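**Student:** got a predicted structure here, sequence first:
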Amino acid sequence: MLQGSFAWIALFAFLAATVNALGILVVFRYREQAEKLTGYLMCFAAGVLISTPLMIALPAALERDPRSGFMALGGFLFMFFSNKVIRYYTHEEALAFGITAAQGIAVHSFVDGIVYTVTFEVSV
């Protein structure tokens, strides 16, 4: 079946992209309902995205190296200040939100690719 860690990494990356695309399709299919629920869905997603690293990844990283917390702080500060800069130059709240979200997803996806590779190389 799948041989080598690259195949597993590619499979899980493809699955993640597929789930993301399904979310997009649901929004386009049920646009009116999605617009009404946007705030709730964003808060739910934020809760999931915050809880996973705070309960699992950050404690594990801090256990391996207490200095790794500085990377978490650095990531937060990077997004915080880049959001301020983007808002300053765009002068539009919605545009700044979209650019910041896209930037966050891009950085997150890049780091995910690295993490997937390292994780699969170690555990598969």
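**Tutor:** Noted; the coordinates are in hand. Numbering: from 1, shown residues only.
**Student:** tell me what the longest helix along the chain is packed against?
**Tutor:** Ranked by number of residues, the top helix in the chain under DSSP state H is helix 93-123. When contacts are defined as 3 or more Cβ pairs under 8 Å, 6 or more residues apart in numbering; DSSP states H and E, helix 93-123 sits against helix 5-29, helix 69-90. Using the backbone N, CA and C atoms, a C-beta is placed for each residue, glycine as well.
**Student:** rank the ones you listed by pLDDT, which is bottom?
**Tutor:** Across the helices and strands packed on helix 93-123, the stretch with the lowest average pLDDT is helix 5-29; it has a mean of 86.
**Student:** how about the helix or strand following that helix as PDB, C-alpha atoms only?
**Tutor:** Counting by DSSP states H and E, the element after helix 5-29 in chain order, helix or strand, is helix 31-52. In PDB, the C-alpha atoms belonging to helix 31-52 read as follows (Å, rounded to 0.1, in the frame of the first residue of the first chain):
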ATOM      1  CA  ARG A  31     -24.600  30.600   2.200                       C
ATOM      2  CA  GLU A  32     -27.600  32.200   3.900                       C
ATOM      3  CA  GLN A  33     -27.300  30.000   7.000                       C
ATOM      4  CA  ALA A  34     -23.600  30.200   7.000                       C
ATOM      5  CA  GLU A  35     -23.700  34.000   7.100                       C
ATOM      6  CA  LYS A  36     -26.000  33.900  10.100                       C
ATOM      7  CA  LEU A  37     -23.800  31.500  11.900                       C
ATOM      8  CA  THR A  38     -20.400  33.000  11.000                       C
ATOM      9  CA  GLY A  39     -19.700  34.400  14.400                       C
ATOM     10  CA  TYR A  40     -20.500  31.100  16.200                       C
ATOM     11  CA  LEU A  41     -18.500  29.100  13.700                       C
ATOM     12  CA  MET A  42     -15.500  31.300  14.000                       C
ATOM     13  CA  CYS A  43     -15.600  31.200  17.800                       C
ATOM     14  CA  PHE A  44     -16.000  27.400  17.700                       C
ATOM     15  CA  ALA A  45     -13.000  27.100  15.300                       C
ATOM     16  CA  ALA A  46     -11.000  29.400  17.500                       C
ATOM     17  CA  GLY A  47     -11.700  27.300  20.500                       C
ATOM     18  CA  VAL A  48     -10.600  24.200  18.800                       C
ATOM     19  CA  LEU A  49      -7.500  25.900  17.400                       C
ATOM     20  CA  ILE A  50      -6.600  27.300  20.800                       C
ATOM     21  CA  SER A  51      -7.300  24.200  22.900                       C
ATOM     22  CA  THR A  52      -5.300  21.700  20.900                       C
END
